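[1] sequence plus predicted model, see below.
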Protein chains: 2
Amino acid sequence: MVRGNKILIADDEPDILEIIGFNLQANGYEVTTARNGDEAFEKAKKILPDLIILDIMMPGKNGIEVCNLLRMIPSFKETLIVFLTALSDETTEIKGLETGADDYLTKPISPKVLISKINALFRRLNKDETGIIKIGDLQINREKYSVKFKEADIVLARKEFELLSLLASKPGKVFLRNEILNQIWGTEVIVGDRTIDVHIRKIRQKLGIDCITTVKGVGYKFEM
Amino acid sequence: MVRGNKILIADDEPDILEIIGFNLQANGYEVTTARNGDEAFEKAKKILPDLIILDIMMPGKNGIEVCNLLRMIPSFKETLIVFLTALSDETTEIKGLETGADDYLTKPISPKVLISKINALFRRLNKDETGIIKIGDLQINREKYSVKFKEADIVLARKEFELLSLLASKPGKVFLRNEILNQIWGTEVIVGDRTIDVHIRKIRQKLGIDCITTVKGVGYKFEM
DNA sequence: GCACCTGCTTAACAATTTGATAATATTATA
DNA sequence: TATAATATTATCAAATTGTTAAGCAGGTGC
């Protein structure tokens, strides 16, 4: 299992970006920086970091807004988000944590302490972030949007791919129909119940193997 | 899935224990207190809390020592440990986090902020809580919706699974028929009395072992 | 623009599974 | 043993999922 190591730092002070960025890189993290809220949001969607460090007071969107926006996107539900700011205002801190941030740090903070805190957070997060899922003879490449089974390429449509990808991300876990709807269609779109079934059917058909099990009244799970 | 809610607080100042304890209880946590490091260590082993708040400067063992000792015990590998102390000394903070603490808070801290931080920690913890029940040769996995007995998979329908799951969640406890009805069918649905029997029968049949005992006139209990 | 293709959703119906109940048999216990 | 409680069995209705085909929107090449 490969520990995720992509970190995005957003702060409007170049000095902070440089100091923290340098220290994180020295500790084996892959660092991207952003100078304001909008840039942070765009870069986050692009690079899908494992951890995002957000300054609260920034030009454009502030850190809390960025956090809120990101948490609405399914693929950022599990991403670690930490606020870093000079504000010692208690109300802000609570607001930050309640948007679903994982920690809240106040400047000034020494790089060493920061690294320690970040390591502690990652320690809790055991997740494979390579983007490639390999299960038996099946390979799912999130970046290439491709699926291989026994060296043979299988062409899946987008929804099919996302569905298989989701199920295979935790083999054995039963995904409730609601869970699937939220993760793939989002909370706003409403689609009929049979839609999931039809996609499942197509995946089963295209893969040719029965690796998706129905748990009646509950949901679906992936198993090889 | 039941959220862990047992918290142990260790501090040598009675005032702190009282204030924090009160606030945590008001937020639905079950609180135990300790007045020094040794007491904290003993109580931790006894009650197996989900979160431990440790003062660093305490009579007897200090907080870091307690943390180190606990982390050596397998059942405390996943326990949340947070340091709470007046020391703002950076070196101590790093030392704390490197022993495997999950956060580090400095006094003075307002109860609101404390609660927020603790909620944030639990939020993350609950995500990788497996929800697996293991009793003897029986394994019940809520996430996978699967039941294993001696390596053999047993397929249960939803109601059967819920029922077994409920009984096995507290082995030995007798669940009244009413209790079972409320937990599994809810208060609105009304089903006949024989319905429970039939489900119990199916579970017994499928498991092949007699681990559900009838307590006539009262209810059922799970025992291996 | 127009024909054509692809992917997504849905409707309609078939197939399957589940859960509840009735009817009857069995058991525990006063 | 009498009695109430539970076990067992078969049956049926309801819930759930599978399957197929059709409609629709968006994109592509001509």
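    Received it, and whenever you're ready, just let me know what you need. Just so it is clear, the structure is predicted and the values come from calculations on it, not from any experiment.
[2] how about the residues of chain A that lie near DNA strand D?
    A:177, A:193-194, A:197-198, A:200-201, A:204, A:214-219 (C-beta under 7 Å from any atom of the strand). In this view, the C-beta of every residue, glycine as well, is placed from N, C-alpha and C.
[3] swap the cut-off to 6 Å and go again
    A:194, A:197, A:198, A:200, A:201, A:214, A:216, A:217 (C-beta under 6 Å from any atom of the strand).
[4] ok, the third one - contacts?
    Looking back up the chat, that one is residue A:198. Counting by C-beta atoms under 8 Å, 6 or more residues apart in numbering or on different chains, residue A:198 touches no other residue.
[5] ok but it is inside a strand, no?
    No - Residue A:198 is assigned helix when assessed by DSSP: H, G, I helix; E, B strand; the rest coil, not a strand.
[6] list the buried ones in the strand or helix carrying residue A:175?
    Assigned by DSSP states H and E, residue A:175 falls within strand A:174-176. Along strand A:174-176, these residues count as buried under the neighbour rule (16 or more other C-beta atoms under 10 Å in any protein chain shown): A:174, A:175.
[7] quick one: the next helix or strand along the chain from that strand to chain centroid distance?
    For strand A:174-176, the following helix or strand on the C-terminal side (DSSP H and E) is helix A:177-180. Its chain's C-alpha centre and that of helix A:177-180 lie 17 Å apart, by C-alpha atoms, centre = their mean, to the nearest Å.
[8] buried residues in helix A:177-180?
    residue A:180.
[9] just checking, what packs against it?
    helix A:193-207, strand A:219-222 (3 or more C-beta pairs under 8 Å, 6 or more residues apart in numbering or on different chains; DSSP states H and E).
[10] could I get the CA-only coordinates of that helix as CSV?
    Provided in CSV are the C-alpha atoms of helix A:177-180 (Å, rounded to 0.1, in the frame of the first residue of the first chain):
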residue,chain,number,x,y,z
ARG,A,177,-27.6,2.3,-3.6
ASN,A,178,-27.8,5.8,-2.0
GLU,A,179,-24.1,5.8,-1.5
ILE,A,180,-23.5,5.0,-5.2
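[11] residues in contact with it?
    A:163, A:166, A:193, A:196, A:219, A:220.
[12] which of the residues of chain A next to DNA strand D are buried?
    Buried, going by 16+ other C-beta under 10 Å: residue A:200, out of those.
[13] how many residues are close by the closest residue to residue A:5 other than its chain neighbours?
    Take residue A:5 and drop its neighbours on the chain: the residue closest to it by C-beta to C-beta, 6 or more residues apart in numbering or on different chains is residue A:29, 5.0 Å away. Using other C-beta atoms under 10 Å in any protein chain shown, residue A:29 has 22 neighbouring residues.
[14] lowest confidence element among the helices and strands of chain A?
    In chain A, no helix or strand scores lower on mean pLDDT, DSSP states H and E than helix A:90-98, which sits at a mean of 48.
[15] wait, doesn't the residue nearest to residue A:5 sit right on residue A:8?
    No - contact criterion C-beta atoms under 8 Å: residue A:29 and residue A:8 do not qualify, at 10.4 Å.
[16] does residue A:117 lie in a helix or a strand, and which?
    Applying DSSP H and E, one finds residue A:117 within helix A:111-124.
[17] let me see the ranges of the strands in chain A.
    Counting by DSSP state E, residue ranges of the strands within chain A are A:6-10, A:30-34, A:51-55, A:80-85, A:103-106, A:132-135, A:138-141, A:146-149, A:152-154, A:174-176, A:212-215, A:219-222.
[18] just name the most buried of these.
    Of the strands of chain A, the one with the most neighbours on average (mean count of other C-beta atoms under 10 Å in any protein chain shown) is strand A:51-55, at a mean of 27.
[19] which residues touch it?
    Contacting residues not belonging to strand A:51-55 are listed as A:4, A:6-13, A:16, A:20, A:40, A:44, A:63, A:66-67, A:70, A:79-85, A:101, A:118, A:121-122 [C-beta under 8 Å, 6+ apart].
[20] so where's chain A uncertain?
    Low-confidence segments of chain A (pLDDT under 70): A:1-4, A:74, A:86-101, A:106-112, A:123-131, A:187.
[21] circling back: for the contacts of helix A:177-180, which one is nearest residue B:25?
    Lowest distance from residue B:25 to the contacts of helix A:177-180 (C-beta to C-beta) belongs to residue A:219, with 36.4 Å.
[22] name whatever forms a beta bridge with the closest one.
    Residue A:219 forms beta bridges with residue A:176, residue A:215, as assigned by DSSP bridges.
[23] now it: how far from residue B:157?
    Residue A:219 is 14 Å from residue B:157, where distance means C-beta to C-beta, to the nearest Å.
[24] repeat for residue A:57
    Separation of residue A:57 from residue B:157 (C-beta to C-beta) stands at 55 Å.
[25] then residue A:164?
    Distance, residue A:164 to residue B:157, using C-beta to C-beta: 26 Å.
[26] compare these two (neighbour count), which wins?
    Shown here are residue A:164 and residue B:157; by other C-beta under 10 Å, residue A:164 has more neighbours (26 against 16).
[27] pretty sure the more buried one contacts residue A:203?
    Yes - using C-beta under 8 Å, residue A:164 is in contact with residue A:203, at 5.3 Å.
[28] shared neighbours of these two, anything?
    Common contacts of residue A:164 and residue A:203 (C-beta under 8 Å, 6+ apart): A:156, A:212.
[29] for residue A:172, give me its contacts.
    A:221, A:222, A:223, B:141, B:143, B:144, B:146.
[30] farthest pair in the residues you listed?
    Top of the distance list for the contacts of residue A:172 (C-beta to C-beta): A:222 and B:141, 14.6 Å.
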